[in-house]
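>>> model this:
(chains A, B, C, D and E, ligands or ions: 4)
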Amino acid sequence: MDPAIFLIQCLNAVQYGLLLFLVASGLTLIFGIMGIINLAHGSFYMIGAYMAFALEPLIAQYLGGGFLVTVLFCVLAAAILGYFLEWAFFSFLYHRDHLQQVLMTYGLILVFEELRSIAVGNDVHGVPVPSWLAGSLALGDVMTYPIYRLFISAICLLVAGLLYWVLARTRLGMMIRAGASNREMISSLGIDINRLYRIVFAIGVALAALAGAIAAPVSSVYPGMGNSVLIICFVVVVIGGIGSIKGAFLAAMLVGFVDTFGQVFFPGIAGVLVYVLMAAILLFKPEGLFRQG
Amino acid sequence: MLGDYYISLVIKIMIFAIFALSLQLLVGGVGLVSLGHAAFFGIAAYVTTLLSPESGPGNLLILLPAAMCCALIYALVTGALALRTKGVYFIMVTLAFSQMAYYVFHDTDIGGGSDGIYLYFRPELRLGDMVLLNIDSPYSFYLFTLGCLLITWIFLAVLMRSRFGAALTGIRVNEQRMRSAGYSTFNYKLVAYTLAGALAGISGLLYAAKDGFVNPELLAWEQSGLVLLMVILGGSTRLWGAVLGAAGLTLLQEAFQSQALFGDWSSHWHLTFGLSIIALVALMPNGLIGISAQWRNRRSAARPAPSQG
Amino acid sequence: MSDVLLSAKNITRRFHGLVAIDGVSLTLTRGTVHAVIGTNGAGKSTLVSVLAGELAPNEGAIFLHQQEVTSWSQPRRARAGLGRSYQRTTIFPSLTVHENCRIAAQANRQQFWNWSSPARNCRYSNDAADQAIQLAGLESDSRHTAGMLSHGRKRQLEIAMSLATHPQVLLLDEPLAGMGPEETERMLSLLASLKNEHAILLVEHDMDAVFKVADEITVMVNGRVIAQGEPQAIRSNPDVQTAYLGEDE
Amino acid sequence: MKPFVQAQSLHAHYGESHVLQGVSLDIGTGESIGLLGRNGMGKSTLIRTIMGHVPASSGTLSIRGKDCTRAAPYQVARLGVAYVPEGRGIFPNLNVRENLQVAARPSFDGRNDWTYQRVLQTFPRLAERLEHGGQQLSGGEQQMLAIGRALMTNPDVLILDEATEGLAPLIIAEIWRIIASVRTTGMSTLIVDRNYRKVLAHTDRCVVMEKGCLVENQPSAELAGQPELLMRYLGV
Amino acid sequence: SVKVGFMLPYSGTYAALGQAIENGFKLYVQEQGGKLAGQELEYFQVDDESNPSKAPDNANRLIKRDQVDILVGTVHSGVAMALAKAAKDSDTTLIIPNAGADSITGPLCSKNIFRTSFSNWQPSYAMGPVAVEKGYKTAVTITWNYAAGKEAIAGFKESFEKQGGKVIKELTLPFPNVEFQPLLTEVASLKPDAVFTFFAGGGAVKFVQDYAASGLGKSVALLSSGFMTDGTLKAQGEAAQGLFTTLHYADGLDTPRDNAFRANYSKAYPAMQPDVYAVQGYDAAQLLAAGLKAVNGDVSKKADMRGAMSAATIDSPRGPFTLSKAGNPIQDIYLRQVKGEQNLTQGVAIKALADPARGCRL
Ligand SMILES: Nc1ncnc2c1ncn2[C@@H]1O[C@H](COP(=O)(O)OP(=O)(O)OP(=O)(O)O)[C@@H](O)[C@H]1O
Ligand SMILES: Nc1ncnc2c1ncn2[C@@H]1O[C@H](COP(=O)(O)OP(=O)(O)OP(=O)(O)O)[C@@H](O)[C@H]1O
Ligand SMILES: [Mg+2]
Ligand SMILES: [Mg+2]
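Ligands and ions are numbered 1, 2, ... in the order given. The predicted structure is shown next:
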């Protein structure tokens, strides 16, 4: 492979990995801290994308528009949704078998997907790339690289950094981590664990929605878009070690590279490669690359 | 014809009941939650279809052992690797292995690729040239499936009562203690996993025979998820929980999709189905099998449940 | 008869650079209680786990009945007569006390191929379970669900389950932790009566109890053995006093 | 004046089993109380019921005169009750500093005399291990951390459940020293420990539990002089 | 009355297509005054979710539970395969209004199975000569690694190489992945004259956008089977402008038949655009009408009805077509170019193209 192409492929891999990380980070947060295997995470991704699509004209009309305003609005709305969902559907499940939560999230997938269909129909929709990010950079003689993709990468990196900072450095982060290991004790210290969980869930949902909203201009919005990212995100979370933001980041990069170069070098079996990677890693590191704690 | 339809519905429930029972051995028996159980189901279905001749019915005496063996071998190999991990990681490794099998059937031409392949004739039980059992008619197929279900159930019931079953129970509750008592728990888990794979193979064969159409989606994670839901919804502590779960979920889907019952809402059946799953989870902490106990409790004074410490 | 059942030579075990036990040797003899005491985090539980085969040592060798078992798995060692209890209770809470013991006892009659005869009818394991329950003084609770027992009773059950497998060597990790004075008394007399048939390793922080039953004491600090010997010698050893016992009250 | 914590005929169940059978207990401001009893008599359950971890099935509980019968644990804690549980409850994935800081809060009436610095002065061993993960600490250090963490919430009542379980004698002695010094600051304490002599020596008043009921309630000094009572209730 | 069972995707990725097909079908019936050959139609619907593993059951719901006389379905090829099998087993007449799997009117062909749409091979085959004519000598193909994609690519390759072109690489990615960037980079390194693709739905939108954003469009022409730009143009926006595709239907045909159909469709379903799926549904109804007319509405005369159906000439909005022996339309394939939100016809690429029906033994 000629070196320029190779470098571009690396860029592709990083860019894909970063986006995966953004979706997976919310999943690993909810998974690692609240112990909820959230199958509905893909739905939140979808909700984010659809909100970006549906809200854009409204926001343009009432708030004067702006892509960033739309995204911000989506994230806020998703956080509120997450806060409500935790209260309504999960708050009473913590004493029970974890598998019940899986069942609950499965029910939610069906509900969200159908509500989406009732609310906005089943068509594929495009979301325009904001004009100030619409250009491309020339790479090599035939290829160009859309600036918007670089923008996505930047956002993902920013979120990764922010998330790491919040969890590792702030008091909220400490509480969240503490709550992950001992729910009862944290409440004995005067911290409202229920509210804390609600906040974590809201953050998780908001992250998924953010990913959906900023990915919408490049991926378009379509029915079933959530489920297609769900499994790959679980792969990322598990390879990285559940609950570990650092691990999710690394795993997303790994998956990005394996997927990208798998498609180039082993097109016939590209679908299997990521799972081979996961199985191989778990066989040598049965708890993922970075176990939490 | 309508009778045929209900027979085929019951057959479907029974096939899923066998499938769910095989997973129940893992979830309820050993405490191993697998999200890749459909691999065994699908592999057996494919094996049945691929080994059947195109020109006439295949022989169950060959097909059944072959289907079970292939499922068993896949379970043995993947189980030996997957059982190195625990908990959620185990769930995900089993998922990974089933996705691998899925992509093999989906992306290669072994079994007709993503479109799937047909089984033209329902297999029959033949010894030499003598046909011992023909399951071509709905009714005989119904009886055959019922027989398989009963055998599976009885086998599992006896197994769980035996020393092997007691050891599995011990492993589910506290593996560390079992090891220190002298049980090679890995072997037990592997045997259970392999057995579960082989039993799922029976249901795979039946499924292929029922509709005569096999495709990669049989191995997809949604299928594994569905059967896991059956086990959880039914209640994983008892064998009949799996059967109840299979019947319950199948009937719920059936009812919500029925235009006769739900009119125009039937085209939004995902919504009603999803909502009812949510309601069931919220209201039935122990699955369908817990209902009777719940009623009893409801009547005696309301008391806080034991905390999980 | 000085009958060495278990011996460990120069055991070292590291956790990512932390040396949890560092070149520890000891022998367990039938008819004696060998107590291991030491500061918190000295590596006592780790030692028990290494001896039982739950953790592999990084260095050193372990012999059971004069046979090297260093590479044996835990279940294999258990079947060869090595039983242990845990510092944190590890019972089957959803089963009855009798069932708890029966499952443990059944380990000696596993019979994989025998998949059809009910476990409940296994004469051997029922007898062994009854015997263990009697030894541990749990007869009155034998039909009760283990999870409902009080902490002390659970600790007794923990011991009973170890006994049900008919081990010759017993490794007990803080069997007295959380027990009240009365149960402590009973446990100590149980240990004294088991001593004749078994070789016992006792990890314990309750010094009164240790000095009451131990025939030999090993003192560990930070993974190393700082003293080994008769109880009286240990009690008066100044190193042990400064590192562990503290000034006598 | 009303006692700081006032429990009246509390009942509690674990599923079917009736563990607390009408317990009434007052903890006055600045008072130090010992809770004695055999295994499984419900001592920990009483404490967990006060904290709100186990819901009371009947009876009332008030703290600072406020009704807390149905209060969540965090509300109880905010009213000034701190709890060092059986088994310590250290957050293993947080280091020592974070374990302390995560708990920091001023007291109900705004006092903030147990600062991070003061806790570290009280437990110099912890100051040496600030960046160690909670999991890497020895049992004794964990116990100190649990007590220090409870103090960071500037409580009015400190509840210690089996604070010395599984600790080396040397460290047990140190823990008792710390308990004594905390007591001199005027904080109320409720202490459960299997070493009844120490409990009697470090408390003003002792209550004895048997089968979910309080059967004795006497000044510690008097109870210490009644070996036959101790024999009856504790088997010693 | 005649019982018609729709087995169509009403949920999931293909839900919009399912709706269009049903609308088209009902539109024709409505135009005939609500009756075909004097018979009322009674409709039954089953949501097939585009999930092949549920397909046999779904088919049986219609065949056994609702006991329909005619089956109409579906979009997804895998589901259609199962449907075909069920129809064969129960000897029910099946009209396939979309699914293009070659094998349905190939090895699996049967007297009771008809298709009013296309075979995957057809539209792509028509692109080969077009590409050569435009002067492209080398091409790279990209599709999902699944049967429909492979069949479409095979059709293109067959005609393109027959005319002297060369497919230098066949790129695939796992279905339904939409991360195309690595493949586009690969294309950039291969520098072919043209890229031929087969994608549909959300994947198609993303592919077209990614292709445009990658800048390849300037030097490497993008050609594709028409599904790439049908029903997705609004979402694709600017990126799709000027693309050439081949399909059996196009905008701007401007025949009286098509104009009438479009006007009626827009009136009946104001919220939806008339598209190829609606046409296929519409023609399914026409085909059924032809059959019913021959037997005067007596559906029990199956053989006669089917004979009439396979002999019928369907006056489709796409232009009249007949059915091959295997039951697949023999139809004109149009070359279309995207202008605005329309796939405007550029004339006929191949006239009366019949699927070779390889493996069919009828
Ligand atoms: N799985 C593990 N991973 C990493 N470190 C460990 C692990 N288990 C134990 N340790 C460390 O090894 C050292 C010895 O621990 P061990 O549990 O053996 O101590 P102990 O002597 O039993 O103490 P205690 O009397 O408090 O029970 C401790 O510093 C502990 O933190
Ligand atoms: N989570 C639980 N579920 C069911 N029963 C429980 C639970 N926790 C405790 N019990 C039971 O409640 C009773 C009281 O237990 P509790 O822990 O309060 O006793 P305790 O006095 O603290 O004893 P110890 O000195 O052993 O700690 C015991 O009989 C115990 O078996
Ligand atoms: Mg220890
Ligand atoms: Mg207690």
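>>> can you give me the strands in chain D?
Using DSSP state E, the strands found in chain D span residues D:5-14, D:17-27, D:32-37, D:58-63, D:66-67, D:81-84, D:157-161, D:188-192, D:205-210, D:213-219.
>>> Ok, chain C next?
In chain C, the segments counted as strands under DSSP E are C:4-15, C:18-29, C:33-38, C:59-64, C:67-68, C:82-84, C:169-173, C:199-203, C:216-221, C:224-229.
>>> Tell me which of those sits most buried.
The highest average neighbour count among the strands of chain C, using mean count of other C-beta atoms under 10 Å in any protein chain shown, belongs to strand C:82-84 at a mean of 28. Using the backbone N, CA and C atoms, a C-beta is placed for each residue, glycine as well.
>>> Let me know whether stretch D:48-58 sits next to ligand 2.
No. Using C-beta under 6 Å from any ligand atom, stretch D:48-58 stays clear of ligand 2, with a minimum separation of 7.3 Å.
>>> shouldn't D:His55 be in contact with D:Ala71?
No His there; residue D:55 is Pro. No. Between D:Pro55 and D:Ala71 there is no contact under C-beta atoms under 8 Å: 10.2 Å.
>>> So the two - more neighbours on which side?
Shown here are D:Pro55 and D:Ala71; by other C-beta atoms under 10 Å in any protein chain shown, D:Ala71 has more neighbours (18 against 15).
>>> Give me the domain ranges for chain C.
Chain C resolves into domains spanning C:1-81+C:167-249, C:94-166 when parsed by automatic domain parsing.
>>> I'd like the ones you listed as a markdown table, with distance to E:Asp47 appended.
Converted to a markdown table, the domains of chain C look like this (distance: least, C-beta to C-beta, whole Å):
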| stretch | distance to E:Asp47 |
| --- | --- |
| domain C:1-81+C:167-249 | 52 |
| domain C:94-166 | 42 |
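>>> what does the average pLDDT come to for stretch E:46-61?
Mean per-residue pLDDT for stretch E:46-61: 88.
>>> How about stretch C:54-72?
In this model, stretch C:54-72 has an average pLDDT of 91.
>>> One more: stretch D:129-136?
In this model, stretch D:129-136 has an average pLDDT of 84.
>>> Please state the offset of that stretch from the chain centre?
How far stretch D:129-136 lies from its chain's middle: 24 Å, per C-alpha atoms, centre = their mean, to the nearest Å.
>>> Mind listing residues that contact it?
Contacting residues not belonging to stretch D:129-136 are listed as A:293, C:18, D:90-97, D:99, D:137, D:141-142, D:145 [C-beta atoms under 8 Å, 6 or more residues apart in numbering or on different chains].
>>> In CSV, could you pull the C-alpha coordinates for stretch A:51-60?
The C-alpha trace of stretch A:51-60 is given here as CSV (Å, rounded to 0.1, in the frame of the first residue of the first chain):
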residue,chain,number,x,y,z
MET,A,51,-33.7,15.3,17.1
ALA,A,52,-31.0,17.0,15.1
PHE,A,53,-33.0,16.4,12.0
ALA,A,54,-36.4,17.4,13.4
LEU,A,55,-35.4,20.3,15.6
GLU,A,56,-33.1,22.0,13.1
PRO,A,57,-35.9,23.8,11.2
LEU,A,58,-37.6,24.7,14.5
ILE,A,59,-34.5,26.1,16.0
ALA,A,60,-33.7,28.0,12.9
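>>> and chain D, which of its residues are near chain B?
D:12-16, D:53-55, D:57 (C-beta under 8 Å from any C-beta of the partner chain).
>>> For these, give me a markdown table that also has pLDDT and distance to ligand 3.
Output for these, formatted as a markdown table (pLDDT from 0 to 100; distance: C-beta to the ion, whole Å):
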| residue | pLDDT | distance to ligand 3 |
| --- | --- | --- |
| D:Ala12 | 92 | 31 |
| D:His13 | 90 | 33 |
| D:Tyr14 | 85 | 28 |
| D:Gly15 | 79 | 31 |
| D:Glu16 | 79 | 34 |
| D:His53 | 91 | 26 |
| D:Val54 | 91 | 28 |
| D:Pro55 | 91 | 34 |
| D:Ser57 | 91 | 37 |
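>>> Now flag whichever of those residues is closest to chain E.
D:Gly15 (41.7 Å; C-beta to the nearest C-beta).
>>> low-confidence ranges in chain D?
Low-confidence segments of chain D, defined by pLDDT under 70: D:1.
>>> Number of residues surrounding the residue in it that chain C sits nearest to?
Chain C sits closest to D:Gly40 of chain D, with a gap of 2.0 Å, by C-beta to the nearest C-beta. Residues lying near D:Gly40 (other C-beta under 10 Å) number 20.
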